[in-house]
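S.K.: With the input below, show me the fold.
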Amino acid sequence: MRGNAGLLARLELRHARSDLRFLLFAAGADIDEDRGFLERAYQLYLAVLFAFALALSWAQVVDIVAGAREALGALAGSIAVALLAFLPAVLLVCWTISGLQETPLRLTLPDISWLARVVRPEEILAVRLVRVVALWLLAGALGGHALGVLAGAYEPLAWAALLSVLALTARLASLVCALVRSSARRKRRLPLTVASGLVAVLLATLLALVTPTLVFLMGMLLVPLALVVDVVLVAIALALAAHADMAFVVDDNELYAARKSLSFLAFVNAGAYREACRRRRFGRRRKARRTWRFARGGAAHVSHALLSLVRRPSLLLGALTWGGVLVPIGILLIAEGANVGVLLVWFLSVALA
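M.R.: Reported below is the predicted structural model:
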């Protein structure tokens, strides 16, 4: 297993290098062909410039959050605590749904052709977990720091540590719930998938209800406790992956492999990329002849909209974004008399949506 894990780790690094090389083409650099002193100096210049751009962008984000805190007043602390509790719970449910639709043991087309017969599922997961842990610790730390600034805390780094471990715990819990489908036998796969989804909802509800109390009672002691839970979740995930059916994993990776092969098309033509993914997704569904009975009058629009949501559930995300996030935030900012800068950021979010 150690040899295969090393092989998979080297492949992951090569994939990352290939992706970086493609992205650097836009800046006129080729890390494989341009190896002279001046070319390497230019690449170092690009790296330093990109690092400065990231630092300045994050400083701008923190400044915007600080402005929102001044606009919201005493309400900002309550919003920050609510986000600290509900954000990991919502992410847990979303990640579990995504993992139950497609196996979290990801394989690209070359992986399916060359690695599926050599490596075991737990080896694939073990290498991927390194990236998952690093990514969500970093993302959670950044989000927690922003929430600490929103709450007006004297130590936003404490908020960064709390949200990073909570986000990682939610990600690992969703991974365990999703792996149940991949490790189940064919006859038990459907009931276990439904049960995993229900368990994820229950865990998310429990996480949202218990987190504020635990933070109030334990404070920073919650961080090592969550890390212990994370270690247990990693062990459970590896045990479930060891029982996964590799034939099912390969078959379930068809859509992911197709999307991965077209991933850079999203930078050139996002509409064509979404349409290609939609066609591949619909192509796998069973064709069934149905007679849809639409309502008449004003209710016809509602019945057509419901049918669209049944055929394309992804449309529901846009509706929830507008009705659950953008519009309530705009009402809150206008009611609290936010400054022009904060309102401009909200208008920008609306325009991008």
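
S.K.: Quick one: list the elements packing against the longest helix anywhere in the chain.
M.R.: Using DSSP state H, we find that the single longest helix of the chain is helix 37-72. Other elements packing on helix 37-72 under the criterion 3 or more CB pairs under 8 Å, 6 or more residues apart in numbering; DSSP states H and E are helix 75-101, helix 121-151, helix 327-336, helix 340-352. (C-beta placed from N, C-alpha, C; glycine too.)

S.K.: List the buried residues of it.
M.R.: By neighbour count on 16 or more other CB atoms under 10 Å, the buried set for helix 37-72 is Gln43, Val62, Ile64, Val65, Gly67, Ala68, Arg69, Ala71, Leu72.

S.K.: Nearest to Ala5, out of the helices and strands packed on helix 37-72?
M.R.: helix 121-151 (5.4 Å; CB to CB).

S.K.: buried residues in that closest one?
M.R.: Residues 121-129, 132, 136-137, 139-151 are the ones in helix 121-151 that count as buried (16+ other CB under 10 Å).

S.K.: Stretch 174-188 too?
M.R.: Ser174, Leu175, Val176, Cys177, Ala178, Leu179, Val180, Arg181, Ser182, Ser183, Ala184.

S.K.: wait, the fifth one sits on Trp95?
M.R.: If I follow you right, that is Ala178. Yes. With contact defined as CB atoms under 8 Å, Ala178 reaches Trp95; the gap is 7.5 Å.

S.K.: Give me the below-cutoff pLDDT ranges for the stretch 1-150 of the chain.
M.R.: Regions of the stretch 1-150 of the chain meeting the criterion pLDDT under 70 cover residues 1-3, 26-27.

S.K.: could you measure Glu155 against Leu138, distance?
M.R.: 19 Å (CB to CB, to the nearest Å).

S.K.: and if you look at Leu198?
M.R.: 31 Å.

S.K.: likewise Val302?
M.R.: 43 Å.

S.K.: try Ala247
M.R.: Ala247 is 35 Å from Leu138, by CB to CB.

S.K.: Also Leu23?
M.R.: Taking CB to CB, one finds Leu23 at 19 Å from Leu138.

S.K.: just Ala116 next, same as before
M.R.: Taking CB to CB, one finds Ala116 at 30 Å from Leu138.

S.K.: What of Glu336?
M.R.: 32 Å.

S.K.: in stretch 147-167, what counts as buried?
M.R.: 147-151, 156, 158-167.

S.K.: Among these, which one sits closest to Phe216?
M.R.: Nearest to Phe216 among the buried residues of stretch 147-167, with distances taken as CB to CB, is Leu162, at 11.7 Å.

S.K.: Does anything pack onto the host helix or strand of the closest one? Which helices or strands?
M.R.: Per DSSP states H and E, Leu162 falls inside helix 156-183. Contacts defined by 3+ CB pairs under 8 Å, 6+ apart place helix 156-183 against helix 75-101, helix 121-151, helix 189-218, helix 222-242, helix 246-252.
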